[in-house]
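> Sequence unavailable; structure follows:
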């Protein structure tokens, strides 16, 4: 087990949302944060990919160069990291500490590779797997985003198929007790303010 110095910090246990891209993790997370912002806080991940339209640095992701991220990974500054479609993604220790310091439940949004990496640490979160009803529905959701090339879409669907098969066969990493089946993708209503 990799000690992170996080488990002993004051604050509640983190929650890890995982599942394929397009399963509805971000939608669930936005709803949770809108309705319970005094209870939950989001751990903003780092990535080396370019921002999508509407994404903001420091809100959706920390958009960094590959060199910066590789340096920070080598320094042990990340709880988990993975590479997908030529881009690095990861959760820094500092991002989790920042949420815990506000005495909020830290919510992390990671893929199953990230779950496997987190399970090797002393973080001890609660794990929830979000699954779409089918690959066809997932493909439709990803196409509606209009953010994927055919090549990246094929890679995301292949990864999703493997994740969903792991879930259905009971091969999720040990300690992932809950699966949420998300049959519909509903937009989150804007907050009043």
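Great, that's in hand. The model shown is predicted, which means the values in this text are computed figures rather than measured ones. Residues are numbered from 1 along each chain as shown.

> is it true that residue 73 lies in a strand?
No. According to DSSP: H, G, I helix; E, B strand; the rest coil, residue 73 belongs to no strand; its state is helix.

> Okay, and the beta partners of residue 41?
Taking DSSP bridges, one finds residue 106 as the beta-bridge partners of residue 41.

> Go ahead and confirm it touches residue 102.
Yes. Between residue 41 and residue 102 there is a contact under C-beta atoms under 8 Å: 5.8 Å. For every residue, glycine as well, the C-beta is placed using N, CA and C.

> in the chain, which helix has the most residues?
helix 150-168 (DSSP state H).

> For it, which outside residues touch it?
Contact partners of helix 150-168, identified using C-beta atoms under 8 Å, 6 or more residues apart in numbering, comprise 19-23, 84-85, 111-112, 129, 131-132, 135, 138-139, 142-143, 148, 171-172, 179.

> just the buried members of the residues you listed?
Among the contacts of helix 150-168, those buried by neighbour count (16 or more other C-beta atoms under 10 Å) are 19-23, 84, 111-112, 129, 131-132, 138-139, 142, 148, 172, 179.

> tell me which element residue 129 falls in.
strand 126-131 (DSSP states H and E).

> repeat for residue 99
According to DSSP H and E, residue 99 maps onto helix 93-101.

> For that helix, buried residues please.
93, 95, 96, 97, 99, 100.

> And for the residue nearest to residue 147 when sequence neighbours are not counted, the neighbour number?
Nearest non-adjacent residue to residue 147, counting by C-beta to C-beta, 6 or more residues apart in numbering: residue 52, 5.0 Å away. If you count neighbours by other C-beta atoms under 10 Å, residue 52 ends up with 12.

> Which one of residue 41 and residue 102 is surrounded by more residues?
More crowded of residue 41 and residue 102, by other C-beta under 10 Å: residue 41, with 22 against 10.

> any idea how far that one is from residue 12?
10 Å (C-beta to C-beta, to the nearest Å).

> what is in contact with those two at once?
Joint contacts of residue 41 and residue 12 (C-beta under 8 Å, 6+ apart) are 104, 105.

> From the opening residue of stretch 59-75 to its closing one, how far?
24 Å (C-alpha to C-alpha, to the nearest Å).

> Over to stretch 116-130?
16 Å.

> and stretch 70-87, average pLDDT?
Across stretch 70-87, the average pLDDT comes to 93.
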